[in-house]
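structure of the sequence below:
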Amino acid sequence: MKTRIYTRVFCVFMAIFLLLMGLFTVFYVKDKKEYEISDFLNKVQLDFSNDESFYDDYVKYLDGERGMTAEGLSRLHLSASMLCYAFAIYDPELELIWDSSGKYFCTYFVPVDDESASGERGIMELEKYFSEEDAEEIKGYLGYCDEEADIGEIRQYSVNIKGLWTDGLVVIPEALEIMVDRVTKSKMSEDGGETWVDSTGLNGHYLKEIKALETEVSDLSYYNEGYIFNNDYLMGYDNEHNANDELKKMYGYVTNKEIAKMAIEALISNTHFYQDSISNRCYLMKEGPLAYTCVYAHSIVDDSSEEGTNAWIIYAHSIDIWELYGKELLLIILGCLVVFIAAAWITASQSYRIYLARVKNEENRIKITNALAHDLKTPLAAISGYSDILEEDLNSEKRDHYFGMIKENVEIMDGALRQMLELSKVESFNVKLNKTEFELAELTEEVMKRFEVNSLLKGVKVEIEGDQLMTADRAMIKSAVDNLISNAVKHSEENGKVEVKITDKIWSVYNKGINIPEEEMGKIWEAYCKSDDARSGSEGTGLGLYIVKTIMDIHGLGYRAENKADGVVFSFDIKK
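Residues are numbered from 1 along each chain as shown. Coordinates of the predicted model:
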């Protein structure tokens with residue numbers, strides 16, 4: 001039965017756990033998806049709103065000027081790569097003007113005066129200006145970075161531009177100079193971790209020079225030097241400075257005219273595909289169970305023109321909820337699982353204890369019923385016998401004796417039934433304590449009056465010493481005292497003594513008589529238990545001490561029995 005109870009409880013708890021965790025996971029994934037999409041759109045809009053120069057560049061492009069200047073578009077390129085997303089620019093007829101794939105970010109220096117220069121940004125396409133072999137070699141230098149390099153070892157390479165022309169945004173190199181950045185010294189960081197300080201940029205150690213292919217550069221501005229950003233500034237690139245598969249996929253999406261149309265439609269309709277707050281402004285494509293690609297269209301509008309949108313910028317970003325939040329979700333689920341298992345274990349243990357208590361109560365009920373039947377059988381048989389004699393024998397001298405015997409057996413039956421009623425009352429699961437303050441000496445004297453006749457017949461002297469106020473259910477405590485005094489009078493010797501002592505902590509009753517065998521001490525508080533034959537020869541159902549135990553347990557009070565040299569002491573605590 002224990003296995004069945006534990007299995008049943010655990011199955012119920014696990015079913016509830018799976019249901020709740022399923023609902024939580026759905027809500028959690030939806031919330032994180034909404035957050036990531038909103039975060040992406042907010043960043044895109046923030047980047048564009050902070051880059052007013054891009055609009056001016058694009059207007060110049062529409063007016064027929066030669067290409068867009070580097071200032072605005074290079075910033076969009078750099079932001080897109082640092083945030084690991086792709087973008088493309090379309091004209092109003094959705095003809096592709098520019099996309100971010102295969103572009104490398106540069107800074108070149110424009111002289112301001114004889115002693116200073118300002119840094120300007122541009123974009124270079126390696127495959128366009130170098131042979132395939134040289135382009136791959138350059139990518140390897142750009143992608144190399146050893147964070148664990150020791151003093152004297154190569155940490156990374158710097159790719160410097162030695163002579164360049166600019167065509168708006170485009171940087172056309174004359175040659176690239178590869179510099180080796182070696183670790184020169186180390187120092188301790190503020191948190192105690194070791195960090196490296198090395199030679200970087202233009203101050204590195206010269207390795208080699210790679211010449212660019214010849215390109216038509218007439219009428220273009222020429223500058224002496226610059227450099228290409230390496231992987232420290234970019235995301236979504238491998239060690240050969242190639243875009244990873246996800247970023248390549250994003251490049252494919254932003255240059256796909258049909259997908260661009262869907263993104264524009266989502267922006268215009270605000271009701272397309274994904275219907276949650278700001279996210280309904282993007283075109284969402286599901287790549288897997290928890291993986292999505294968000295494609296967003298941003299319009300460029302000339303307020304002075306009546307033609308409406310002048311161009312579209314299409315952004316794409318990959319969102320993998322499992323990769324971003326899988327560990328966090330697993331930790332939450334595992335934490336909840338531990339809590340549910342603990343709760344299931346506690347509940348199962350408590351259910352099993354309740355089951356054992358019910359089984360024990362049922363056993364006690366059967367035991368008590370059998371005992372009651374046995375105890376009532378003898379006096380009923382005696383009453384029946386005496387009644388038959390009275391019908392046949394009309395001798396008035398014996399009539400009083402037989403009536404006395406009948407009355408005695410009726411009292412035995414009454415005592416058994418009274419104890420059964422008391423037991424039923426104290427064992428009730430719905431028992432409510434009616435606590436009041438009362439004097440124990442007064443309560444004890446009330447109980448003693450019931451045993452005056454029996455005490456006199458046995459020649460037992462009853463004494464009460466001390467008094468103390470007690471706060472408890474008076475009726476229950478009186479029942480407990482009644483059973484303890486009844487037990488003491490029954491087991492007292494002829495002409496013996498029963499002493500009740502009340503201190504500030506303990507109520508006790510002593511009777512002079514036979515000791516309880518030590519091996520029986522633990523059993524005397526059980527229902528229908530009588531100790532050895534010498535003590536159990538008196539009348540009784542064996543329920544008295546069990547009733548006392550039950551009442552004390554309900555009140556949370558201690559109780560005990562002790563053998564003395566010439567008798568037995570039963571006691572209980574007055575206070576917890």
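
residue 552 reaches residue 558, doesn't it?
Yes. Using C-beta atoms under 8 Å, residue 552 makes contact with residue 558 at a distance of 7.1 Å. For glycine as for every other residue, the C-beta is placed from the backbone atoms N, C-alpha and C.

anything in contact with each of the two?
residue 572 (C-beta atoms under 8 Å, 6 or more residues apart in numbering).

between those two, point out the one with more neighbours.
Between residue 552 and residue 558, counted using other C-beta atoms under 10 Å, the more crowded position is residue 552 (20 against 15).

distance check, that one against residue 477.
9 Å (C-beta to C-beta, to the nearest Å).

can you check which residues contact both of the two?
With C-beta under 8 Å, 6+ apart, residue 552 and residue 477 have no common neighbours.

mind checking the SS state of residue 268?
helix (DSSP: H, G, I helix; E, B strand; the rest coil).

can you map out the helices along the stretch 151-300 of the chain?
245-254, 257-269 (DSSP state H, counting those that start in this stretch).

any idea how many residues pack against residue 94?
14.

wait, doesn't it sit right on residue 312?
Yes. The criterion here is C-beta under 8 Å, and residue 94 meets it with residue 312 at 7.2 Å.

before we move on, back to that, got CSV for the helices of the stretch 151-300 of the chain, with mean pLDDT, mean neighbour count and distance to residue 569 too?
Putting the helices of the stretch 151-300 of the chain into CSV (pLDDT from 0 to 100; neighbours: other C-beta atoms under 10 Å; distance: least, C-beta to C-beta, whole Å) gives the following:
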stretch, mean pLDDT, mean neighbour count, distance to residue 569
helix 245-254, 80, 19, 85
helix 257-269, 87, 17, 90
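
from the contact counts, what lies against the one helix or strand residue 18 maps to?
Element membership for residue 18 (DSSP states H and E) is helix 2-49. Counting contacts by 3 or more C-beta pairs under 8 Å, 6 or more residues apart in numbering; DSSP states H and E, helix 2-49 packs against helix 70-82, strand 291-301, strand 309-320, helix 321-392.

among the helices of the stretch 151-300 of the chain, which comes closest to residue 501?
helix 245-254 (87.6 Å; C-beta to C-beta).

what's in contact with that closest one?
Residues from elsewhere that reach helix 245-254, judged by C-beta under 8 Å, 6+ apart: 84-88, 99-101, 236-237, 243, 259-260, 285, 293, 295, 314-318.

angle of it against strand 309-320?
150 degrees (axes from the mean of the first three to the mean of the last three C-alpha atoms, to 10 degrees).

chain center to helix 245-254, what's the gap?
38 Å (C-alpha atoms, centre = their mean, to the nearest Å).

and residue 505, which of the helices of the stretch 151-300 of the chain is closest to it?
helix 245-254 (77.8 Å).

got the phi/psi numbers for residue 573?
Reported as degrees, to the nearest 10, the phi and psi values for residue 573 are phi -80, psi 140.

meant to ask about residue 120, not that
phi -120, psi 150.

pretty sure it is touching residue 107, no?
Yes. Counting by C-beta under 8 Å, residue 120 touches residue 107, with 7.0 Å between them.

show me where the stretch 401-550 of the chain has strands.
435-439, 461-465, 469-473, 497-502, 506-512 (DSSP state E, counting those that start in this stretch).

distance to residue 15 added to those, as a markdown table?
Output for these, formatted as a markdown table (distance: least, C-beta to C-beta, whole Å):
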| stretch | distance to residue 15 |
| --- | --- |
| strand 435-439 | 43 |
| strand 461-465 | 61 |
| strand 469-473 | 42 |
| strand 497-502 | 56 |
| strand 506-512 | 52 |
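
need the ones you listed in CSV with distance to residue 217 and mean pLDDT, can you?
Below are those laid out as CSV (distance: least, C-beta to C-beta, whole Å; pLDDT from 0 to 100):
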stretch, distance to residue 217, mean pLDDT
strand 435-439, 103, 92
strand 461-465, 122, 88
strand 469-473, 105, 92
strand 497-502, 116, 91
strand 506-512, 110, 92
